[in-house]
Structure formats: structure tokens, C-alpha cells
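Q: No sequence on hand, only this structure:
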């Protein structure tokens, strides 16, 4: 991980639990309403045969509508592209993406995400300890916004919410701990981010990463991600 840059707006999602500790948290899968009205969505997904390095590589690979439909054949509608900060096969830190997706029976909406180096989100020493101990093998961190006119801060970050996907390698593959914080830029968070939206997002997240786990290893080795060749099954 290279190139950390301080960010003016603190990340609130890291204050919702010791997310770098693999010990079970009080909320691993579900939703909860925070004191200020923001909605926290949590999902845990087992990715059999995958690894954190594969997951991190995926974000440097996908770039078409076809790719994101592989990822979720039902909810993903269209990919509108990465900006110039994205470098295929190399890095997605600092890059923004626009896509259209639905959440189950919630109609499609435009989503904008800007990705960040994990060292902008977590304490650098804690992050390194988690990596060295095997508690963390990948961290995908983004600011998120929804709708046709997403409010952005001076750094180009969407103001609506935050997203984390934290992977930990296991003997069977990896386990993914996902978190979404929604409603940060809303005047009426309970109205604008109802519980049903969070529950649909939970189902969407679990489904998309389950779909991804079914093809990611073959794609990763077929594309020789990180220069790796596939191990022979026989």
C-alpha cells in the first residue's frame, strides 16, 4: 500500500467497532440505527477459494457493464466508468466510479464511489499489526453517494456515506466483513434512509460477493493477477 494522503473529513465508520479484530463483533450481519440517525449496515460473507489479494485485484480489473453484471446479475445495471485516477491492474486508490444498480425491489439508482488508501481510514500502526498477524488481507474503503446529483466535498468525496470491505484469509478462502454508513448528508436520516433500504443493501452485498466468489479464482489465475499462475488441482 503506497501513497497515503491526509483527509479533512474523519471517517466515522471505524468508530462502530474494532473492525480489524477478527473476534466476533456484536453486529456482524444486520442493521442498526446510530444515535444521530445514521444507518449502519453490516454483512459477513464467506468467499470460498478466494483470498484478500484476489479481492483487491478485482478492483483494478473490472471496468465494463458486463463485468459488474458478472458480479451481481440481478442488481447491477450499468457501469459508467472509472475516472483518470484508476490504473488497470495497478491501483484504484483515489479513483472514483459511477454505476447504476438496484437493491432488490428498490428501483435502480446512480451510485458514485471514491476509493481511498486504507491508511487514510485506519490508524497506520493498527493496520500494519492486523496485516502482519493475518487478521487483514485486504481493505477496500470508499466514500459513497447516491442519486443523479451527488453532493461532494472539496476533495471530490461523496458526502452521503462510507463503505468498508475487510478481508481475512482463512484455510477455506477468505471471510469478508462489510460495513456501510448511510445518511451522513441527510437532514432527516430516518426518512431518507429507512430500515428497509439497509436490509436490501445487506442482501445485495451478501449476494454480490457470493456471486463474485464463484468466478473470481478462475478469472484471477486466468488473467495472471499479481503474476500468479493457477495451482494444478491434480
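A: Yep, that arrived. Here the structure is a predicted model, which is why all the values come from computation and not from measurement. Residues are numbered from 1 along each chain as shown.

Q: Please count neighbours and contacts with C-alpha atoms only from this point.
A: Fine.

Q: next SSE after the strand or helix carrying residue 126?
A: In the assignment (DSSP states H and E), residue 126 maps to helix 124-133. Once helix 124-133 ends, the next helix or strand along the chain (criterion: DSSP H and E) is strand 138-146.

Q: Now do the buried residues in that next one.
A: 138-146 (16 or more other CA atoms under 10 Å).

Q: Next: stretch 121-137.
A: Buried-residue list, stretch 121-137, by 16+ other CA under 10 Å: 121-122, 127, 130-131, 135-137.

Q: could I get those residues as JSON lines with distance to residue 188 and pLDDT?
A: Output for the buried residues of stretch 121-137, formatted as JSON lines (distance: CA to CA, whole Å; pLDDT from 0 to 100):
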{"residue": "121", "distance to residue 188": "26", "pLDDT": "96"}
{"residue": "122", "distance to residue 188": "29", "pLDDT": "95"}
{"residue": "127", "distance to residue 188": "34", "pLDDT": "96"}
{"residue": "130", "distance to residue 188": "37", "pLDDT": "97"}
{"residue": "131", "distance to residue 188": "38", "pLDDT": "97"}
{"residue": "135", "distance to residue 188": "37", "pLDDT": "98"}
{"residue": "136", "distance to residue 188": "35", "pLDDT": "98"}
{"residue": "137", "distance to residue 188": "37", "pLDDT": "98"}
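
Q: ok, now which ones touch residue 135?
A: Going by CA atoms under 8 Å, 6 or more residues apart in numbering, residue 135 touches 20-22, 168-169.

Q: Helix, strand, or coil at the spatially most central residue of the chain?
A: Nearest to the mean C-alpha position of the chain, counting by CA atoms, centre = their mean, stands residue 165 at 4.2 Å. Assigned state for residue 165: strand (three-state reduction, DSSP: H, G, I helix; E, B strand; the rest coil).
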